[in-house]
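K.L.:
got a predicted structure here, sequence first:
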Amino acid sequence: MSTSTTAYLIRGAKPLGEEPSDILIQDGLIVALGADAIAHASAATATLIEAAGQIALPGMVDLHTHLREPGREDAETVETGTRAAAMGGFTAVHAMANSNPVADTAGVVEQVWSLGKRSGWVDVRPVGAVTVGLAGKQLSEIGAMADSRAGVRVFSDDGICVHDPLIMRRALEYVKAFDGVVAQHAQEPRLTEGAQMNEGEVSAVLGLAGWPAVAEESIIARDVLLAEHVGSRLHICHVSTAGSVEIIRWAKSRGVNVTAEVTPHHLLLTDELVKSYDPVFKVNPPLRAESDVLALRAGLADGTIDIIGTDHAPHPSEAKECEWAAAAMGMTGLETALSVVQHAMIETGLISWADFARITSTTPAAIGRVSDQGRALAVGEPANITLVDADARWIVDPFAMATKGRNSPFKGLELPGKVRTVFFHGHPTVLDGALNTPRITEGA
Amino acid sequence: MKHLLSTLDLSREDAIRILDIAEEMAAVGTREVKKLPALRGRTVVNLFFEDSTRTRISFEAAAKRLSADVINFSAKGSSVSKGESLKDTAQTLQAIGADAVVIRHGASGAPARLAATDWIDAPVVNAGDGTHEHPTQALLDAYTLRTHWAATHGNSALGSDLAGMRVAIVGDILHSRVARSNLWLLRTLGAEVIMVAPPTLLPHGSHAWPCTISYDLDATLAGGVDAVMMLRVQGERMHDSFFPNTREYSRLWGFDDARLAALDAQPGSETIIMHPGPMNRGLEISSAAADSPRSTVLAQVANGVAVRMAVLYLLLSGDQQRPAGL
């Protein structure tokens, strides 16, 4: 267990943005709230965290992170990626399977899991590949990964769509034995051959091969029907179009067990930015039109879309310092997610901070079956807490980030909300807006 | 004007200035000594990542007639084919001391990247980027159209635009940088544009373009156009099911002998037939059409040198007035 036996008393923070309440933390747990916190026996020796005016949230949980290790340690490592996660207010991340080697065996997922343990900044939950080598041909060792020390529950070929309908059906059925979920990267491959950007008025002018919305929507439509047919849990990664929101809304109204995520960048940015041909805006799925952005926000507000997934995708600079067609797809997102969602969803009045806690912590933890994350800020619960100065404003500087990736599309943008303090199982990984120390656990 | 990247962001004033200077440059081409000293001591690099002998020699002739030194950098067989990045290539040209870079690249937006980054300071001329734009092609087409339009009306071309002209652009619009550059420039100069193509070869989103779209070449020609611009059809399109086969394409969207005869039967028709080259004779254009008096194919080639001289002159001399020595 944690060697951190120090107690912390958080003064004046507003849980979920509501009435201020002191929070006392000891031995990794919340031990007292409100007036009881100060009155508690250990309060006298507790380290004081002055948080008047700040908002207390359950530690954020990302269902969609690319940590790049093993294989692309030049782009990111578990250490740098989880530092970035902590700085962004997260206490858990799901590491996507498209590493090299692919996370399609118990050995690889256990490696990633133990690297996460050793780093100690957040819980690292490896995602297992659905198919061997992400090749879409043969199921990977889903049972072995589920039963490994990594305890994998989320399976995804993210980066590549499980496009073969029969393989997708088998995967959906098979994961039921392990309480798993298939997280689909919805992209019909034939409709997106050579695709470079959203297909629409902007691509017509720019002469970049179009990536039609229907390539995403047709796969989602097929998969919700498959999930209904076999009674399985389905998760849709990075929903990016208005039509996708409509299909998921329809599926949920039929009782299909489907959840969906949206990235912060799809809530804010549009394909107009591609006019610069700056590959920092190249991402999969592509940035869409304004009408899609508004539909995604509405879908997130009404619960059609369940969660925020960052799709944090760091790349070395040479992968972006080139012509558009040659550039890699992906954007960093861990250290800007909270601010972008606050800007796009809270400051627009679409959701509350309580909703924010649901879409960034409670529900992603539930989808990923992370039992000690995404919990209420209540006595006896694990002390995974993020304190946010919602009134602060800052200008995004990719070179000031903890991630190795400098490919933030929000560079130079002024955004609200600064993560001040993060408690990870009772240990402060972030203090005063800066990285503190990792949580050291035995046997890591 | 620091760079020439697209016609979408080319002002009417700049466009007419280029065309007017090109008129004077064209006169140089008729002299015994086809050379001006304007860019003596300046170095123009033709940076061609795609093979295009026609465009490259046109730029080379233009630069040499202005007395510039020309370096031809072909990506084939160079360090680029060994994996050198666009950034490193650009920085190399900067170090060599290029005063202007004429770039042809298979990726849309590559010239815009050169212009936007600090990899190289020199003016950038887009000589065709992917399926985006080919602005000097559009300028030479506009020059050709303007010459025809002025002659038709008995006016001087200098200072004039294309107001009142109807131009049909026919063929593979989807993959054509020539079509895009012409659309924006011809609209800027006041012409009406009709895009004619099979629906598979029109970009999704082209409904928002400032032009009429038609699937019917015969109806378009019958409606009366002052010029018809035939686009090259790449053979490989056939294998991607954009159309059933070349014969059907030619029958429906090619400028064949029957369409030439129909045009000739129109009373008083002075419609010109344009093609950016290289032509697929018998596919998008018949030999009779290509060789007819209506064809401006060779005039376009000659005009290309004059227009490119004007562009290089304007970008490199910084002098917005008439070139010395004219």
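P.N.:
Good, I have the coordinates. Numbering: from 1, shown residues only, chains lettered A, B, ... in the order given.

K.L.:
in stretch A:426-444, which residues are buried?
P.N.:
Neighbour-count burial for stretch A:426-444, counted by 16 or more other CB atoms under 10 Å in any protein chain shown, picks out A:Gly426, A:His427, A:Pro428, A:Thr429, A:Val430, A:Leu431, A:Leu435, A:Asn436, A:Pro438, A:Arg439. Bear in mind the C-beta positions are built from the backbone N, C-alpha and C, glycine included.

K.L.:
gap between the third one and A:Leu115?
P.N.:
Between A:Pro428 and A:Leu115 the computed distance is 22 Å (CB to CB, to the nearest Å).

K.L.:
show me where the chain has helices.
P.N.:
Defaulting to chain A. A:35-39, A:78-87, A:106-119, A:142-147, A:165-174, A:201-206, A:213-230, A:242-253, A:290-301, A:337-341, A:353-357, A:363-368 (DSSP state H).

K.L.:
other chain: chain B
P.N.:
Using DSSP H, helices in chain B cover B:12-28, B:53-65, B:86-96, B:110-116, B:135-153, B:177-188, B:217-222, B:246-253, B:257-265, B:287-290, B:297-317.

K.L.:
make a markdown table out of those and add distance to chain A and mean pLDDT.
P.N.:
A markdown table is the format used below for the helices of chain B (distance: least, CB to the nearest CB, whole Å; pLDDT from 0 to 100):
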| stretch | distance to chain A | mean pLDDT |
| --- | --- | --- |
| helix B:12-28 | 18 | 96 |
| helix B:53-65 | 17 | 96 |
| helix B:86-96 | 5 | 92 |
| helix B:110-116 | 4 | 96 |
| helix B:135-153 | 13 | 97 |
| helix B:177-188 | 6 | 98 |
| helix B:217-222 | 20 | 98 |
| helix B:246-253 | 19 | 95 |
| helix B:257-265 | 27 | 97 |
| helix B:287-290 | 27 | 97 |
| helix B:297-317 | 20 | 97 |
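
K.L.:
least reliable of the helices of chain A going by mean pLDDT?
P.N.:
If the helices of chain A are sorted by mean pLDDT, helix A:35-39 sits at the bottom with a mean of 94.

K.L.:
ok, and what's touching it?
P.N.:
For helix A:35-39, contacts defined as CB atoms under 8 Å, 6 or more residues apart in numbering or on different chains pick out A:Leu9, A:Ser21, A:Asp22, A:Ile23, A:Leu24, A:Ala32, A:Ala43.

K.L.:
mind redoing it with 6 Å?
P.N.:
Residues from elsewhere that reach helix A:35-39, judged by CB atoms under 6 Å, 6 or more residues apart in numbering or on different chains: A:Asp22, A:Leu24.

K.L.:
what residues sit buried inside that helix?
P.N.:
For helix A:35-39, burial by neighbour count (16+ other CB under 10 Å) applies to A:Ala37.

K.L.:
cool, stretch B:197-217 as well?
P.N.:
By neighbour count on 16+ other CB under 10 Å, the buried set for stretch B:197-217 is B:Ala197, B:Pro198, B:Leu201, B:Leu202, B:Pro203, B:Gly205, B:Ser206, B:Trp209, B:Cys211, B:Ser214, B:Leu217.

K.L.:
same check, this time on stretch B:254-274
P.N.:
Here stretch B:254-274 shows B:Gly254, B:Phe255, B:Asp256, B:Arg259, B:Leu260, B:Leu263, B:Thr271, B:Ile272, B:Ile273, B:Met274 as buried, counting by 16+ other CB under 10 Å.

K.L.:
give me the contact list for that stretch.
P.N.:
By CB under 6 Å, 6+ apart, stretch B:254-274 touches B:148, B:152, B:225, B:227-230, B:284-286, B:288-289, B:294-296.

K.L.:
export that stretch to PDB, keeping only CA atoms.
P.N.:
What follows is stretch B:254-274, C-alpha atoms only, in PDB (Å, rounded to 0.1, in the frame of the first residue of the first chain):
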ATOM      1  CA  GLY B 254     -14.700  14.400 -74.600                       C
ATOM      2  CA  PHE B 255     -14.500  17.200 -77.200                       C
ATOM      3  CA  ASP B 256     -14.900  14.900 -80.200                       C
ATOM      4  CA  ASP B 257     -15.400  15.500 -83.900                       C
ATOM      5  CA  ALA B 258     -19.200  15.600 -83.600                       C
ATOM      6  CA  ARG B 259     -19.000  18.400 -81.000                       C
ATOM      7  CA  LEU B 260     -16.500  20.300 -83.100                       C
ATOM      8  CA  ALA B 261     -18.900  20.000 -86.100                       C
ATOM      9  CA  ALA B 262     -21.800  21.200 -83.900                       C
ATOM     10  CA  LEU B 263     -19.800  24.200 -82.800                       C
ATOM     11  CA  ASP B 264     -18.900  25.000 -86.400                       C
ATOM     12  CA  ALA B 265     -22.600  24.800 -87.300                       C
ATOM     13  CA  GLN B 266     -23.400  27.500 -84.700                       C
ATOM     14  CA  PRO B 267     -23.700  30.800 -86.600                       C
ATOM     15  CA  GLY B 268     -20.900  33.200 -85.800                       C
ATOM     16  CA  SER B 269     -19.400  31.000 -83.100                       C
ATOM     17  CA  GLU B 270     -15.900  32.200 -82.100                       C
ATOM     18  CA  THR B 271     -15.600  29.700 -79.300                       C
ATOM     19  CA  ILE B 272     -12.000  28.700 -78.600                       C
ATOM     20  CA  ILE B 273     -10.900  25.300 -77.500                       C
ATOM     21  CA  MET B 274      -8.200  25.200 -74.700                       C
END
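
K.L.:
mind checking which of the helices of chain A is nearest A:Pro15?
P.N.:
A:Pro15 sits nearest to helix A:353-357 of all the helices of chain A, at 8.9 Å, using CB to CB.

K.L.:
against which helices or strands is the closest one packed?
P.N.:
Applying 3 or more CB pairs under 6 Å, 6 or more residues apart in numbering or on different chains; DSSP states H and E, we find helix A:353-357 packed against strand A:55-58.

K.L.:
so what strands line up beside the strand it packs on?
P.N.:
strand A:14-15 (parallel), strand A:385-395 (antiparallel) (DSSP bridges).
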